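Participant: Everything below, folded, please.
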Amino acid sequence: MKGCHLCQVRLAKNPYYIESISTNIYSIEELCFYLQNNIYLIDQTMVNEKLCNWIKDELGLEKLCRRLYDQLDRGGSIGDFILPIFKEIGYLSHSEFRQMQEEISKIEIQPADMRRKVKADYLVEYEMYMNAIQEYYQILKERNPGKLGVQFYASVLNNMAVAYGKLFLFEEAADCLWQSWQILQSKEVYRRYLLMLPLYLEEKEGKERLEELGEPAECWEELKKKKEEICAKSEGHVLRERQKSLTTEEFFEECKEDYHKSTSS
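Facilitator: Numbering: from 1, shown residues only. Modelled structure (predicted):
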């Protein structure tokens with residue numbers, strides 16, 4: 001029962017929709033759970049009047065609503081806004097509350113690009129790939145290599161490639177990997193870039209690209225073989241796990257819903 005929290009306040013008839021991960025919540029306990037585990041996802045889609053009104057109208061917590069409105073009016077920090085929510089129901093122990101304060105303080109002094117990258121990485125974990133890509137794009141658009149170093153931006157490009165790959169946008173993923181390789185000349189990134197080529201290039205185009213890179217044309221067949229092995233292994237595992245408890249129709253319907261969710265923004 002350690003991971004359970006009994007609801008102390010009424011459940012909402014109308015849920016609060018968390019845009020960043022396309023999820024509805026119905027209680028203050030769910031709100032606290034989300035805030036505690038997703039600090040980097042807390043932005044203006046959470047710290048706003050809409051959430052204040054939901055807390056008042058749906059949960060009946062008028063005093064908390066007024067307290068949060070006061071923080072909005074004062075232009076308080078994220079911590080000033082969310083910590084009273086935890087206090088309302090004593091969701092956190094004293095040590096957990098202090099730890100939360102410390103984590104928020106550390107986040108607030110981090111460079112904006114660092115915060116944005118962690119947020120994007122969280123979104124990838126939630127399979128919100130388009131939202132993550134938009135965050136990565138903003139980092140790259142406004143990059144300041146002297147501040148965080150070129151290695152940081154190479155890492156952003158690597159993670160952006162993962163997000164594109166999850167959406168089967170392999171050419172865009174390959175382009176990200178190529179840009180990353182140009183920054184750091186990483187052998188692993190170069191290997192991943194080569195493995196990406198058979199996913200979007202026909203044989204003639206692929207061999208031409210290998211020639212441009214100074215790689216022997218014979219590499220193409222080897223790359224195709226490795227690609228097929230990787231795809232068969234990963235896809236087979238996913239299919240087996242997801243089909244265990246679903247009919248074929250349910251499985252494909254779930255796949256369709258997942259894709260639409262991951263491409264929403």
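
Participant: In terms of pLDDT, where does S27 sit?
Facilitator: Per-residue pLDDT puts S27 at 95.

Participant: Actually, D43.
Facilitator: 82.

Participant: got a list of what the closest residue to P15 other than its chain neighbours touches?
Facilitator: Spatial nearest neighbour of P15, chain neighbours left out: N24 (3.6 Å); criterion: CB to CB, 6 or more residues apart in numbering. Glycine gets a C-beta too; all of them are placed from N, C-alpha and C. Going by CB atoms under 8 Å, 6 or more residues apart in numbering, N24 touches 15-18.

Participant: ok, now E215?
Facilitator: E215 neighbours (CB under 8 Å, 6+ apart): L194.

Participant: residues of whichever helix or strand M100 is part of that come out buried?
Facilitator: Following DSSP states H and E, one finds M100 within helix 94-108. Residues of helix 94-108 classed as buried: 100, 104, 107 (neighbour count, 16 or more other CB atoms under 10 Å).

Participant: Those residues into CSV, with extra columns for distance to G75?
Facilitator: Converted to CSV, the buried residues of helix 94-108 look like this (distance: CB to CB, whole Å):
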residue, distance to G75
M100, 21
I104, 16
I107, 17
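
Participant: follow-up on the earlier one: for the contacts of N24, which PyMOL command selects only the ones that are buried?
Facilitator: The buried residues among the contacts of N24 can be selected in PyMOL (16+ other CB under 10 Å) with this line:
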select buried, resi 16+18
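
Participant: hey, where'd the strands end up in the stretch 1-150 of the chain?
Facilitator: 16-18, 23-25 (DSSP state E, counting those that start in this stretch).

Participant: Of those strands, give the one that comes closest to P84.
Facilitator: strand 16-18 (16.5 Å; CB to CB).
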